[in-house]
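Undergrad: Let me see the structure of the following:
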Amino acid sequence: MYRMLSHIPLLILFVFTLTGCAGNQAETKKKTDALQRLGASLVQEGSVRAGLEKLLEAAKLDPTNSAIHQELALAYRDLGEFQLSLDHFKKALELRPEFPQAWNNMGTVYLLLRQWDLAINCFQMAVGDILYRTPHFAYNNMGLAYIKKEQYQEAIASFHKALKSAPSYSPASTNMGIALERMNRWEEAIDAYKNAISVDPEYPASHFHLGRLYMRLNRNAEAAEELHQTIKLDPRGHLAQEAKKLLDSMK
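TA: Residues are numbered from 1 along each chain as shown. Next comes the predicted model:
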């Protein structure tokens, strides 16, 4: 009887130890999640360095968290630290190969680096995942890469796929218009821009490119209307400044 009872204190101690470890792990996860959410939110709001600081703290607590590495990669991308961004995207994909958002976002870094083929490969990996819920982003980005390569038919095909996935995604219609313009298919380009405006009248890029094309075709009254609309929608943006220059050139 004595030998059996002598083991009870050890058993109780062991249970308390396990309970303590589980509690510490839960607390660490809670802190990590909070830091990740705060860091990502700060980056999205434009406070990139402050967000990066929080994400680095989260990564120290959970270095094998693929989502944190993706958030770090996005922050470094926004800071122009492209190699660090690629390093963290690759780490995220090493930890979680089926991560289409990371493939797409890594492709945007290659776009910024003007490495078109590497970008296209990333976008193809993203859309190749049948569980990817927003493939129109990757198809649109793929189309942009093809435009840079002056492969306009491939670009148009990519934009068609983006619109098939998300018919109201106006950037794909606008970018299709740009590709059609490069091929001197003016009326089709106008239709693409008008389609973008019909689904999202407040997207300034559609109005700007339509206005610029009208101006190119000497349809100045229509051009002025679209360029003024660009300025109205985004008065402090880059496109508004370009629209003002075009309007001044028509005087």
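Undergrad: Once you drop chain neighbours, what's closest to the residue nearest the centre of the chain?
TA: By C-alpha atoms, centre = their mean, the chain has its centre lying nearest to N105, at 5.4 Å. Nearest residue to N105, sequence neighbours excluded (C-beta to C-beta, 6 or more residues apart in numbering): L74, at 6.2 Å. Every residue, glycine included, has its C-beta placed from N, CA and C.
Undergrad: Where does that neighbour sit, in terms of helix or strand?
TA: Assessed by DSSP states H and E, L74 sits inside helix 66-78.
Undergrad: For the helix or strand just after that helix, list every residue counted as buried.
TA: Counting by DSSP H and E, the next helix or strand C-terminal to helix 66-78 is helix 82-95. Within helix 82-95, the residues that count as buried by 16 or more other C-beta atoms under 10 Å are F82, L84, S85, L86, H88, F89, K91, A92, L93, L95.
Undergrad: hmm, back to that, so the residue nearest to the centre of the chain touches H69, yeah?
TA: No. At 11.2 Å, N105 and H69 do not qualify as touching, with contact defined as C-beta atoms under 8 Å.
Undergrad: coming back round to it: from the contact counts, what lies against the helix holding L74?
TA: Contacts defined by 3 or more C-beta pairs under 8 Å, 6 or more residues apart in numbering; DSSP states H and E place helix 66-78 against helix 8-45, helix 48-61, helix 82-95, helix 100-112.
Undergrad: Low-confidence ranges, the protein, go.
TA: Within the chain, the ranges that satisfy pLDDT under 70 run 1-23.
Undergrad: Now D62: closest residue in space that isn't a chain neighbour?
TA: Leaving aside its chain neighbours, D62 sits nearest to T32 (4.7 Å; criterion: C-beta to C-beta, 6+ apart).
Undergrad: Show residues contacting stretch 213-224.
TA: Contacts with stretch 213-224, where a contact means C-beta atoms under 8 Å, 6 or more residues apart in numbering, come from 177, 181, 186, 189-190, 193, 211-212, 226-227, 246-247, 250.
Undergrad: list the buried ones in it?
TA: In terms of neighbour count (16+ other C-beta under 10 Å), stretch 213-224 has its buried residues at L213, Y214, M215, A223, A224.
Undergrad: and the gap between the second one and A192?
TA: In other words, Y214. Applying C-beta to C-beta, to the nearest Å, the value for Y214 to A192 is 14 Å.
Undergrad: cool, the last one as well?
TA: Here the distance between A224 and A192 works out to 21 Å (C-beta to C-beta).
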